[in-house]
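Asks: Provided below are the primary sequence and the corresponding predicted coordinates.
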Protein chains: 2
Amino acid sequence: MELKLSIRLNEKLYLRDPESSELGRRILKSGIELIQKLGFEAFTFKKLAEEIHTTEASIYRYFENKHRLLLYIVTWYWSYLEYQVVFNINNLAEPITKIKRVLHLLTHELDDSLGTVDFDKKALFNIVINESNKAYLSKDVDENNSALLFKPYKDLCARIAALFLEYNPNYKYARSLASTVMESAHFQYFFAQHLPRLTDAKGKDDTATIQSFLENMVFAALSAEKID
Amino acid sequence: MELKLSIRLNEKLYLRDPESSELGRRILKSGIELIQKLGFEAFTFKKLAEEIHTTEASIYRYFENKHRLLLYIVTWYWSYLEYQVVFNINNLAEPITKIKRVLHLLTHELDDSLGTVDFDKKALFNIVINESNKAYLSKDVDENNSALLFKPYKDLCARIAALFLEYNPNYKYARSLASTVMESAHFQYFFAQHLPRLTDAKGKDDTATIQSFLENMVFAALSAEKID
DNA sequence: ACTATTTTGATAGTAAAACTAACAAAGAAG
DNA sequence: CTTCTTTGTTAGTTTTACTATCAAAATAGT
């Protein structure tokens, strides 16, 4: 069974829906590759236009600017990941198993278990690691937040927090712990790649250590509170 | 006793030492205010030049580009903070007290207890919250890292990790926990201000909750491991 | 098959950002 | 008081980030 799932994102993320046309899909697909290759700062619509043999003006018809494209991409990622989370923990009884499953998903690339991912999954994961913070660390957070552009991120965070509370209903910092874990999963990976003295993960692909660290931390935090 | 301490930073951060001249100090002081006011993306050397009644070209004599200026500022912050940490935990016997002290310092603005801070402390703290990630989340991390530009950050992380190990020598993830705490302290604050559903801190200045959350998490993690 | 509409391409343009160069004026140092 | 360093002034280039206009191509409606 091969199914292709498409994720419908907030309309305010784009001017014209990139999933609705050939050109739009090329913008996304090559956009992801090029952002990952050049880094978000050096990435421009002009370079992307050359890459996909179209014009700057055509790309501007889909996205207001490159920041919106980035936001689209990471939002897509968070939406897809939430979907994976829901699917993966479905039918699991134990909160402990669910939480471990989520931590695994957070620390690893997406897989195609739920339908083919059209994008380069490695590139996408790298963008999330390297650039996703820039999606909200900007002067227009509040405006973007009002337009619900961060909803998928917040939804996933809420879902993880709910799992924490399922494990321990008395834990006081479920949201903070959830967002900490979501962020930490990424920058521990970044540190392992670039600033290894800031992490205990060894080497570039030691996602195992990152996952163990997070599991250890999460269950310690959730269990400590249980005692009190 | 009023003493003015100056922090000597890595020479590669600048072209000409900004602490060595009147103009240099104005660049730093007003640079901090303007970056915080406009956000790093909208901040330009031209706007700063107008602000301090000098010219773009003059500013370029001190800093290669605005990214370097940002790096200078956050590096200054980390250096100062490490100094505060050392000073504050000096003579404390209990690792538990030391760790709490550090978590307090991480979650609050700098104070002048160690000499007058020439810069706007609120603006500086806000820059660290909003922009500091951008200092290392760039394509030239590795190059900058080779030039030791992140040393103060890594030193502080190492120092915190050492305290964790002092508390529990068997803990396996001291570095990861230290960097997680350093980062989390900041983005929990950011979330409280802009994306409140991602944190349990209530309101814009609820540093108390952030500190409690981190304390709870750190001691849980360090103690859980003790049991095994 | 023909026409209306939408989508894309091509071209061209502007404003601002991100620099660099060259020289003169002012200040400080010897 | 003259030499060296720092700053100011002006002017320039390249790139980015966009916008406008119109024609060509593709698509859809009847």
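Replies: Okay, I see it.
Asks: can you tell me how far A:R197 sits from DNA strand D?
Replies: 32 Å (C-beta to the nearest atom of the strand, to the nearest Å). The way it works is simple: take the backbone N, C-alpha and C, and place the C-beta from them, glycine included.
Asks: List the contacts of the closest residue to that residue other than its chain neighbours.
Replies: In this structure, A:R197 finds its nearest non-sequential neighbour in B:K154, 5.0 Å apart by C-beta to C-beta, 6 or more residues apart in numbering or on different chains. Counting by C-beta atoms under 8 Å, 6 or more residues apart in numbering or on different chains, B:K154 touches A:L195, A:R197, A:L198.
Asks: Assign a three-state SS to B:K154, would you?
Replies: Here B:K154 is recorded as helix under DSSP: H, G, I helix; E, B strand; the rest coil.
Asks: A:K134 contacts A:F40, correct?
Replies: Yes: judged on C-beta atoms under 8 Å, A:K134 makes contact with A:F40 at a distance of 6.1 Å.
Asks: Mind listing the shared neighbours of the two?
Replies: A:L70.
Asks: Enumerate the positions of the helix or strand harbouring A:F125 that are buried.
Replies: Under the criterion of DSSP states H and E, A:F125 resides in helix A:121-136. Within helix A:121-136, the residues that count as buried by 16 or more other C-beta atoms under 10 Å in any protein chain shown are A:121, A:123-136.
Asks: wait, what's in contact with A:L222?
Replies: Going by C-beta under 8 Å, 6+ apart, A:L222 touches A:F164, A:Y167, A:N168, A:Y171, A:L177.
Asks: Let me know the closest of the residues you listed to DNA strand D.
Replies: Closest approach to DNA strand D among the contacts of A:L222 (C-beta to the nearest atom of the strand): A:L177, at 35.5 Å.
Asks: I'd assumed B:M217 was in contact with that closest one.
Replies: Yes: using C-beta under 8 Å, A:L177 is in contact with B:M217, at 6.9 Å.
Asks: and chain A, which residues reach DNA strand C?
Replies: A:16, A:20-24, A:53-58, A:61 (C-beta under 7 Å from any atom of the strand).
Asks: any weak-confidence spans in chain A?
Replies: For chain A, residues meeting the criterion pLDDT under 70 lie at A:1-4, A:225-228.
Asks: Return the member of the buried residues of helix A:121-136 nearest to DNA strand D.
Replies: For those, the nearest to DNA strand D is A:K134 (11.9 Å; C-beta to the nearest atom of the strand).
Asks: So which residues on chain A come close to DNA strand D?
Replies: So far as C-beta under 7 Å from any atom of the strand goes, chain A lies against DNA strand D at A:A42, A:T44, A:F45, A:K46, A:K47, A:E56, A:A57, A:Y60, A:E64, A:N65, A:K66, A:H67.
Asks: Report the secondary structure state of the last one.
Replies: Yep, that's A:H67 we're talking about. Looking at A:H67 with three-state DSSP, the answer is helix.
Asks: Look up how far A:I32 lies from it.
Replies: As for A:H67, its distance to A:I32 is 15 Å (criterion: C-beta to C-beta, to the nearest Å).
Asks: again, but for the third one
Replies: Taking C-beta to C-beta as the measure, A:F45 and A:I32 are separated by 14 Å.
Asks: gap between the two ends of stretch A:100-113?
Replies: Using C-alpha to C-alpha, to the nearest Å, one end of stretch A:100-113 lies 18 Å from the other.
Asks: Any buried residues in it, and which?
Replies: Per 16+ other C-beta under 10 Å, stretch A:100-113 contains these buried residues: A:K100, A:R101, A:V102, A:L103, A:L105, A:L106, A:T107, A:H108, A:L110.
Asks: will you turn those into a markdown table that also has distance to A:A185 and secondary structure?
Replies: Below are those laid out as a markdown table (distance: C-beta to C-beta, whole Å; DSSP: H, G, I helix; E, B strand; the rest coil):
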| residue | distance to A:A185 | secondary structure |
| --- | --- | --- |
| A:K100 | 13 | helix |
| A:R101 | 13 | helix |
| A:V102 | 10 | helix |
| A:L103 | 8 | helix |
| A:L105 | 9 | helix |
| A:L106 | 4 | helix |
| A:T107 | 5 | helix |
| A:H108 | 9 | coil |
| A:L110 | 13 | coil |
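Asks: can I get these in TSV with distance to B:E143?
Replies: Below are the buried residues of stretch A:100-113 laid out as TSV (distance: C-beta to C-beta, whole Å):
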residue	distance to B:E143
A:K100	38
A:R101	38
A:V102	35
A:L103	32
A:L105	33
A:L106	29
A:T107	27
A:H108	28
A:L110	30
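Asks: of those residues, closest to chain B?
Replies: Here the nearest of the buried residues of stretch A:100-113 to chain B, counting by C-beta to the nearest C-beta, is A:T107; it sits at 12.1 Å.
Asks: does the closest one really touch A:L214, like I thought?
Replies: Yes: A:T107 lies in contact with A:L214 (C-beta under 8 Å); the separation is 7.1 Å.
Asks: okay, and the common contacts of the two?
Replies: Both A:T107 and A:L214 are contacted by A:A185, under the criterion C-beta under 8 Å, 6+ apart.
Asks: Three-state assignment for A:A201, please.
Replies: coil.
Asks: which residues of chain A fall in helices?
Replies: A:22-38, A:45-51, A:56-60, A:66-89, A:95-107, A:121-136, A:141-146, A:151-167, A:174-194, A:207-227 (DSSP state H).
Asks: which one of those helices is the most hemmed in?
Replies: helix A:174-194 (a mean of 24; mean count of other C-beta atoms under 10 Å in any protein chain shown).
Asks: returning to that earlier point: of the buried residues of stretch A:100-113, which is the nearest to DNA strand D?
Replies: A:L110 (27.3 Å).
Asks: Unless I'm misreading it, the closest one sits right up against A:I127, doesn't it?
Replies: No: the criterion here is C-beta under 8 Å, and A:L110 misses it with A:I127 at 11.8 Å.
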